[in-house]
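K.L.:
Turn this into a structure:
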Amino acid sequence: MNNQWLVIKQLDKQFQEWQRINKKYGRPRSGWIKTLRMALSMSAEQLANRLGLSRARINQLEKAEIHDAVTLSTLKEAADALGCELVYAVVPKDSTTLEDIIKAQAERLAKERMARVSHTMSLEAQSLEATALKSQQEELTKILMEHLNKKFWSTPDNLKSNKQNELLQTLIKNLQKKK
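P.N.:
Predicted coordinates:
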């Protein structure tokens, strides 16, 4: 396992805790700023004074937070004015992991590439059985996951690197030998 996969595994472990907390608590319906302000028995006017803003601007801020239309900088300032700290995280959706995201991309790429190869081979009257095609697709998925690079996330038109083409050609030759 290379260093990149060690980092991925460590992040996935950390993300599990964030996902658990988010699932359990999430953001309050009225947003964090208003919820904390109310819990502290602080009026919108008092928070406005602490931030050097108008009361109307605090109302706008609280509404903007609910609609995901507030900047991190503004949230940080409001949290500070409430004697709190902004905690920020970006985590995989639901209960997925980075490994799940990478595997899904690798499977998508492998499926697209094998479909092209299968189509070409069928035009040459060398079509493969579904089980052989699936087996090679799984092998290509593993290879793609082992060789992560920036091109992994490129659009299909940009995926024609030399190494990837060599791997694809090797797979084609293996498929032809098995026939």
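K.L.:
and residue 54, backbone torsions?
P.N.:
When read as degrees, to the nearest 10, the backbone of residue 54 gives phi -90, psi 160.
K.L.:
Spatially nearest residue to residue 11 (excluding sequence neighbours)?
P.N.:
Distances taken as CB to CB, 6 or more residues apart in numbering place residue 98 nearest to residue 11, at 5.8 Å, with adjacent residues excluded. Every C-beta, even on glycine, is put in place using the N, C-alpha and C of the backbone.
K.L.:
Remind me which helix or strand residue 138 belongs to.
P.N.:
helix 130-146 (DSSP states H and E).
K.L.:
same for that helix, what does it pack against?
P.N.:
Here helix 130-146 touches helix 98-123, helix 162-178, going by 3 or more CB pairs under 8 Å, 6 or more residues apart in numbering; DSSP states H and E.
K.L.:
hey, least reliable of the ones you listed by pLDDT?
P.N.:
Note on these: helix 162-178 shows the lowest mean pLDDT, a mean of 63.
K.L.:
Okay, residue 35 and residue 27: tell me how far apart.
P.N.:
The gap separating residue 35 from residue 27 is 9 Å, by CB to CB, to the nearest Å.
K.L.:
Of those two, which one has the most company?
P.N.:
residue 35 (15 against 12; other CB atoms under 10 Å).
K.L.:
The residue nearest to residue 11: neighbour count?
P.N.:
17.
K.L.:
distance of it from residue 4?
P.N.:
10 Å.
K.L.:
Also residue 79?
P.N.:
Residue 79 is 34 Å from residue 4, by CB to CB.
K.L.:
If you count surrounding residues, which of these two has more?
P.N.:
Shown here are residue 79 and residue 4; by other CB under 10 Å, residue 79 has more neighbours (16 against 10).
K.L.:
quick one, what contacts the more buried one?
P.N.:
Shown in contact with residue 79 (CB atoms under 8 Å, 6 or more residues apart in numbering): 32, 33, 36, 85, 86.
K.L.:
And the pLDDT at the nearest residue to residue 31 once chain neighbours are set aside?
P.N.:
Ranked by CB to CB, 6+ apart and with sequence neighbours excluded, the top spatial neighbour of residue 31 is residue 65, at 3.9 Å. Residue 65 is assigned a predicted lDDT (pLDDT) of 97.
K.L.:
can you check residue 59 too?
P.N.:
Looking at residue 59, the pLDDT reads 97.
K.L.:
what do you get for the one 3 residues further on?
P.N.:
In this prediction, residue 62 carries a pLDDT score of 97.
K.L.:
other SSEs contacting the helix or strand hosting it?
P.N.:
Using DSSP H and E, residue 62 sits in helix 55-66. With contacts taken as 3+ CB pairs under 8 Å, 6+ apart, helix 55-66 sits against helix 32-39, helix 44-51, helix 72-81.
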